[in-house]
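Colleague: Got a sequence here, can you model it:
(chains A, B and C)
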Amino acid sequence: MRQKKSTEVTVGLFVLLGMGALFFLAMKVSNLSAFNDEQGYRVTAEFENIGGLKARSPVTLAGVRIGRVERIELDPETYNANVVLNLYASFDTLPTDTAASIYTAGLLGEQYIGLEAGAEEEFLKDGDVIELTQPALVLEQVIGQFLFSKAEGDE
Amino acid sequence: MGTIQRLGQWAIGTSERLGRGYLFLMAILAGIPGSLFRFSLVIQQIYSVGVLSVLLILISGLFVGMVLGLQGYNTLVDFGAEESLGVMVSLSLVRELGPVVSALLFAGRAGSALTAEIGLMKSTEQLSGMEMMAVDPIRRVITPRFLAGFISLPFLAAIFSAVGILGGYLVGYGLLGVDDGAFWTQMQTKTDWYDDILNGVIKSIVFGFVVTWIALFEGHDAIPTSEGVGRATTRTVVHSAFAILGLDFVLTALMFGDV
Amino acid sequence: MPLIEIRDLHFYRGDRAIFKGVDLDIYRGKVTAIMGPSGTGKTTLLKLIGGQLVPDQGTIMVDGQDVHRLPHAQLYELRKRMGMLFQSGALLTDISVFDNVAFPLREHTNLPESMIQDLVSMKLQAVGLRNAKELMPAELSGGMARRVALARAVALDPMMIMYDEPFTGQDPISMGTLVNLIKRINQSMGLTSIVVSHDLEETMAIADEIYLLSGGKVIERGTPDTLQDSSSEWVKQFVEGLPDGPVPFHFPGMSFEDDLLNRKAVK
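Modeller: Here you go, the predicted structure:
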């Protein structure tokens, strides 16, 4: 059975098309191009409440994405959440008194961590801890406080 | 008594078939090293199994993506979240619809063709004839087709998802005016290469394995008459559909269950 | 020593006995015919010799080797020296006549393409179909398909060929062609041939020895001449084509009278 050349060529094109589709999915659809886990460095931040934060949520500074949440653990002694952040290696000039807060993108959007740079001369290194943190706003608590204060004001 | 007897017959018949199917798979797998040395046979089969399915996959993928775009937009716009259309389209496609729908189409297009081809070769004594020419039909005919199906489906699924996302983009951006940048950036932040795309690829590899196995087994196990081959072809499509959807549930639970 | 020795062969399909103790010898260089009414398992016998089926009891020795005790690889080695002509021809339908004949050569040898061309042309010339080599199997008549299959069966120059019903469903001309071909190929290549058939006249014309099978046993063996003069009732019925005799016209079972009476009784 002689192999027809055109068959081989079309099979080659088919494989290329499949590879191209995978490449498209990798680079254009997914976040593979956006960061590289291995090259980042990790810092930990302790929050009283993380709200709806999840692993892989973005970490931003001045609205620019500089990393992502790697994992979230519960500290069994303080009952707080320890959030491990994976930051891009190129942003290695964050002062040690940088503050971390949990924000929500839009009213119903996903939650993310926003960093605010401090003024210290020294920079955060791999394994450091961010001391200044502000927990997530939980909508029910906010509304509850609002109603409570309103009721008090009326009296 | 009659019912119980029939139940027993059915149980015995089914387990016999499962046993034969298992032995058949072992024989196929044993033939793989040999097939790798004669890869031109596999290429021939990738042509008839994979390349000839591309058009079907392209058209179906495009339309599925466009429908996802329309339906997703109508739902999301109520929450003012139409920028999330990209995420919705891409996650639905790469996690579920890409692997599952392309596997179903593959079973209908390539799987039934494989069953009919093998069944016909059996009923016209071609397989038996090969055996008497000292050519092992499993290695010469079945294994190359198995490898071809197994290799082709992941590519087809990737093409399906990619074209589907483009279809969703066409509808979302072109027709409904969703913001171009938001569509892609939201998609990129929420779609993970490992968790979403690679898991989808793993699904389609599993489906390719199972569908091709079922198709070849049904053909090889068919009663060698035109009626027998016809029924085997129907069984291929039905059993493949069950296997794909059932396995999809199991795989989804394993992969995405513990979010 | 015969090329093929079959001893005490038993074979069952489900509960039905196909062979109940068959002894057969097939000698080198001869044309041996195996005849019998339809459904006596003649084709099954060829599949047993080729090792595609395994007997329930008894042995089949081919060229001194026990076919059913051979490991897979050696069985395939042995099959290279056996040719078989299937009733349907069993040509591969997706490749041309030429590629069909070349198939065993390409599978089993590393001959250069030019030599394969020559060999295939030679084999096709022998069956008179050299000019049909570009045709696809679907374009051939039944007789032509069998001739191509014959060219393919001898492609590897086997020691023997098994013919499964070579004359069934052929018009007189292609029947004559096939009879001639089998005879000629057997002589010119020094082959051993086994012909399974129920076409009496044609088989008698080419066979050196004939075995008659019925009811799972060998009923008679001999040369065409001795069979013609046989005194056995059974042989007479077969040779003369009588509708009733030792092989009954009626499928065995309850007699018609009993059947009628029983039905009345049920009412």
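Colleague: quick one: residue A:86 and residue A:68 touch, right?
Modeller: Yes. The pair formed by residue A:86 and residue A:68 meets the contact definition of C-beta atoms under 8 Å, at 5.7 Å. C-betas here are computed from N, CA, C, even on glycine.
Colleague: For chain B, what's its nearest residue on chain A.
Modeller: Residue nearest to chain B within chain A: residue A:18 (2.7 Å; C-beta to the nearest C-beta).
Colleague: doesn't residue B:161 make contact with that residue?
Modeller: No. Look at residue A:18 against residue B:161 with C-beta under 8 Å: they stay out of range, at 11.0 Å.
Colleague: For those two, work out which one has more neighbours and name it.
Modeller: Just comparing residue A:18 and residue B:161: by other C-beta atoms under 10 Å in any protein chain shown the higher neighbour count belongs to residue B:161, 34 against 22.
Colleague: Tell me who's in contact with the more buried one.
Modeller: With contacts defined as C-beta atoms under 8 Å, 6 or more residues apart in numbering or on different chains, residue B:161 is in contact with A:21, A:25, B:61, B:90, B:93, B:94, B:97, B:98, B:200.
Colleague: closest to residue B:177 among these?
Modeller: For the contacts of residue B:161, the minimum distance to residue B:177 (C-beta to C-beta) is 19.0 Å, reached by residue B:90.
Colleague: what's the helix or strand containing that closest one in contact with?
Modeller: In this structure, residue B:90 is located in helix B:85-91 according to DSSP states H and E. Contacting residues not belonging to helix B:85-91 are listed as A:29, B:65, B:68-69, B:72-73, B:76, B:161, B:164-165, B:168-169, B:172, B:178, B:182-184, B:186-187, B:190-191, B:196 [C-beta under 8 Å, 6+ apart].
Colleague: Sitting in strands, which of those do you find?
Modeller: Among the contacts of helix B:85-91, DSSP state E puts none in strands.
Colleague: Put the buried members of those into a ChimeraX selection.
Modeller: Under the burial definition 16 or more other C-beta atoms under 10 Å in any protein chain shown, those of these that qualify are selected in ChimeraX by:
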select /A:29 /B:65,68,69,72,73,76,161,164,165,168,169,172,178,182,183,184,186,187,190,191,196
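Colleague: quick one: which of the contacts of helix B:85-91 sit in helices?
Modeller: B:65, B:68-69, B:72-73, B:76, B:161, B:164-165, B:168-169, B:182-184, B:186-187, B:190 (DSSP state H).
Colleague: So for the nearest residue to residue A:94 once chain neighbours are set aside, what's the pLDDT?
Modeller: Distances taken as C-beta to C-beta, 6 or more residues apart in numbering or on different chains place residue A:124 nearest to residue A:94, at 4.6 Å, with adjacent residues excluded. In the predicted model, residue A:124 carries a pLDDT score of 84.
Colleague: now residue A:71
Modeller: As summarised for this prediction, residue A:71 has a pLDDT of 85.
Colleague: which helices and strands does the host helix or strand of it pack with?
Modeller: Taking DSSP H and E as the definition, residue A:71 sits inside strand A:64-74. Using 3 or more C-beta pairs under 8 Å, 6 or more residues apart in numbering or on different chains; DSSP states H and E, the elements in contact with strand A:64-74 are strand A:58-61, strand A:81-87.
Colleague: Low-confidence ranges, chain A, go.
Modeller: Along chain A, the model assigns pLDDT under 70 to residues A:1-3, A:32-39, A:106-109, A:154-155.
Colleague: quick one: contacts for the spatially most central residue of chain A?
Modeller: Geometric centre of chain A, nearest residue: residue A:58, 2.3 Å, by C-alpha atoms, centre = their mean. Residues counted as contacts of residue A:58 (C-beta under 8 Å, 6+ apart) are A:65, A:67, A:68, A:69, A:112, A:113, B:189.
Colleague: make it 6 Å
Modeller: Residues counted as contacts of residue A:58 (C-beta atoms under 6 Å, 6 or more residues apart in numbering or on different chains) are A:65, A:68, A:112.
Colleague: Can you read off the pLDDT for residue C:118?
Modeller: We note a pLDDT of 92 for residue C:118 in this prediction.
Colleague: list the buried ones in the helix holding residue B:90?
Modeller: The neighbour-count check on helix B:85-91 (16+ other C-beta under 10 Å) flags B:85, B:86, B:87, B:88, B:89, B:90, B:91 as buried.
Colleague: Report the residue spans of the stretch 151-259 of chain B with pLDDT below the cut-off.
Modeller: For the stretch 151-259 of chain B, the stretches flagged by pLDDT under 70 are B:258-259.
Colleague: and it, which residues reach chain A?
Modeller: Taking C-beta under 6 Å from any C-beta of the partner chain as the test, the list of the stretch 151-259 of chain B residues beside chain A reads B:155, B:158, B:159, B:162, B:165, B:187, B:188, B:191, B:193, B:197.
Colleague: Return the member of those residues nearest to chain C.
Modeller: Of all these, the one sitting nearest chain C is residue B:155; the distance, using C-beta to the nearest C-beta, is 23.9 Å.
Colleague: Who are the packing partners of the longest helix seen in chain B?
Modeller: Selection of the longest helix in chain B by residue count, based on DSSP H, yields helix B:2-37. Helices and strands in packing contact with helix B:2-37 are listed as helix B:143-169, helix B:199-221; criterion 3 or more C-beta pairs under 6 Å, 6 or more residues apart in numbering or on different chains; DSSP states H and E.
Colleague: just to revisit the earlier point, of the buried residues of helix B:85-91, which is the nearest to residue C:253?
Modeller: Using C-beta to C-beta, the shortest approach to residue C:253 within those belongs to residue B:91, at 68.5 Å.
Colleague: so what's residue C:6 closest to, chain neighbours aside?
Modeller: Spatial nearest neighbour of residue C:6, chain neighbours left out: residue C:24 (4.0 Å); criterion: C-beta to C-beta, 6+ apart.
Colleague: That neighbour in helix, strand or coil?
Modeller: Reduced to three states with DSSP: H, G, I helix; E, B strand; the rest coil, the structure at residue C:24 is strand.
Colleague: and what of the one 4 residues further on?
Modeller: Look at residue C:28: counting by three-state DSSP, its state is coil.
Colleague: Pull the number of nearby residues for it.
Modeller: The local packing of residue C:28 (other C-beta under 10 Å) involves 14 other residues.
Colleague: pLDDT score assigned to it?
Modeller: pLDDT recorded at residue C:28 is 88.
Colleague: Can you pull the phi and psi angles for it?
Modeller: phi -60, psi 140 (degrees, to the nearest 10).
Colleague: right, and it touches residue C:192 too?
Modeller: Yes. When contacts are counted by C-beta atoms under 6 Å, residue C:28 is listed as touching residue C:192 (5.2 Å).
Colleague: Need the residues touching each of the two.
Modeller: Common contacts of residue C:28 and residue C:192, defined by C-beta under 6 Å, 6+ apart, comprise residue C:3.
Colleague: Pull the number of nearby residues for residue A:48.
Modeller: Residues within reach of residue A:48, counting by other C-beta under 10 Å, total 12.
Colleague: Ok, the one 5 residues further on next?
Modeller: Applying the criterion other C-beta under 10 Å, we find 21 residues in the vicinity of residue A:53.
Colleague: Wasn't it part of a strand?
Modeller: No. When the secondary structure is assigned by three-state DSSP, residue A:53 falls in coil instead of a strand.
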